[in-house]
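**Q** Give the three-dimensional model of this entry:
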Amino acid sequence: PDVTMVCAMEDFPYDLEPQFLVDTAREAGYAILEVYDKPIEEWEVLTKSDSSPVTEADLKANKVICDRLLEKMPSIPIVSEENHQVDYAVRKGYQYCWCVDPLDGTKEFIKRNGQFTVNIALLMGSKPVAGVVHIPSKGETFWAIKGRGAFARRKVDSDEDERIECSSFEVHQKGVTMVASNSHRSRETDEFIGRFKDPGFIQMGSSIKFLMIAEGKADIYPRLAPTCEWDTAASHIILKEAGGAVIKAGLCSSKGEPLEDWKEALAKKEEVEYNKEASLNPFFVAYGKCNNFVLPSL
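**A** Model (predicted):
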């Protein structure tokens with residue numbers, strides 16, 4: 001597609017150009033790699049109030065993203081993992097807002113395994129309508145705008161777009177490929193995987209799991225463990241535009257304790273939503289092209 005293609009959302013007050021989103025994510029990626037390439041003893045790793053790690057790279061990338069978004073689209077508020085969280089009484093009135101994780105996969109970053117991303121999504125109400133995910137270690141960037149499809153740019157110095165699509169599969173078939181977290185396996189995740197016939201299994205960190213489904217390299221990502229909105233919003237719209245879906249699998253506590261029966265919640269086939277009162281996502285399952293999101297029978 002023409003990279004000057006603009007978003008079809010008629011009431012959005014700016015031109016939403018894919019090139020701007022891609023460039024912003026890439027600039028943040030360069031800021032992250034400046035830290036990543038330094039000796040590990042020079043990294044500043046701090047611990048946030050929720051016990052999760054934050055590095056100098058998270059903060060530098062956040063500044064790059066927020067500065068660029070505010071300069072180009074000053075009236076669109078930014079919700080970022082690394083910013084002060086705005087009260088819901090204010091946020092619930094947002095027609096549009098950015099939802100940003102400047103470095104998704106900080107634990108993977110600290111392990112130096114390359115499995116971390118820059119995530120930038122545009123929300124319209126409770127739905128993601130545009131998103132970009134950049135993988136700094138590979139130089140790959142994925143983007144989507146609602147109704148336009150999903151695309152990959154394979155090289156950091158190229159603006160050639162490759163259309164990506166999920167693979168089609170049936171939940172009852174043998175050998176469905178699962179992708180799941182390196183850092184966050186749970187009893188419920190294992191219970192979910194146990195319902196499938198001889199599934200393949202790939203371990204991967206950060207939003208790359210969604211991208212693998214969007215590209216047809218995996219079929220299902222069960223996340224029956226806690227995440228926040230900024231972890232998933234950008235990759236959610238990319239997966240959706242590639243033909244997939246992200247289905248709620250029950251509310252959970254911040255410690256990952258299920259507050260609902262995940263099987264009953266999944267059976268409702270409701271998509272994950274955003275800009276909620278709490279930034280915590282429910283458990284969810286991300287699917288490629290699948291006719292029916294039912295669980296295989298035992």
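
**Q** List the buried residues in stretch 276-294.
**A** By neighbour count with 16 or more other CB atoms under 10 Å, stretch 276-294 contains the buried residues 279, 281, 282, 283, 284, 285, 286, 287, 288, 289, 290. (C-beta placed from N, C-alpha, C; glycine too.)

**Q** And for stretch 163-170?
**A** Per 16+ other CB under 10 Å, stretch 163-170 contains these buried residues: 164, 165, 166, 167, 169.

**Q** Would you reformat the buried residues of stretch 276-294 as a markdown table and include secondary structure, pLDDT and distance to residue 141?
**A** Formatted as a markdown table, these follow (DSSP: H, G, I helix; E, B strand; the rest coil; pLDDT from 0 to 100; distance: CB to CB, whole Å):
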| residue | secondary structure | pLDDT | distance to residue 141 |
| --- | --- | --- | --- |
| 279 | coil | 96 | 25 |
| 281 | coil | 98 | 24 |
| 282 | coil | 98 | 28 |
| 283 | coil | 97 | 28 |
| 284 | strand | 97 | 24 |
| 285 | strand | 97 | 26 |
| 286 | strand | 97 | 20 |
| 287 | strand | 97 | 23 |
| 288 | coil | 97 | 21 |
| 289 | strand | 96 | 23 |
| 290 | strand | 91 | 26 |
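
**Q** Distance to residue 19 for these - can I get that in TSV?
**A** Below are the buried residues of stretch 276-294 laid out as TSV (distance: CB to CB, whole Å):
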residue	distance to residue 19
279	29
281	29
282	34
283	35
284	30
285	33
286	27
287	30
288	28
289	28
290	32
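
**Q** and which of these is nearest to residue 226?
**A** residue 281 (7.3 Å; CB to CB).

**Q** tally of neighbours for the closest residue to residue 136 other than its chain neighbours?
**A** Nearest non-adjacent residue to residue 136, counting by CB to CB, 6 or more residues apart in numbering: residue 29, 3.6 Å away. Other residues lying near residue 29 total 28 when counted by other CB atoms under 10 Å.

**Q** Checking my notes, residue 29 in a helix, right?
**A** Yes - counting by DSSP: H, G, I helix; E, B strand; the rest coil, residue 29 is found in a helix.

**Q** can you pull the contacts of it?
**A** The neighbours of residue 29, taking CB atoms under 8 Å, 6 or more residues apart in numbering as the test, are 61, 118, 134, 135, 136, 139, 156.

**Q** do that again at 10 Å, thanks
**A** 36, 57, 61, 64, 102-103, 116-118, 134-141, 156 (CB atoms under 10 Å, 6 or more residues apart in numbering).

**Q** taking these one by one, which sit in strands?
**A** Those of these mapping onto strands are 102, 103, 117, 118, 134, 135, 140, 141, per DSSP state E.

**Q** Now flag whichever of those residues is closest to residue 263.
**A** Nearest to residue 263 among the ones in strands among the contacts of residue 29, with distances taken as CB to CB, is residue 117, at 29.9 Å.
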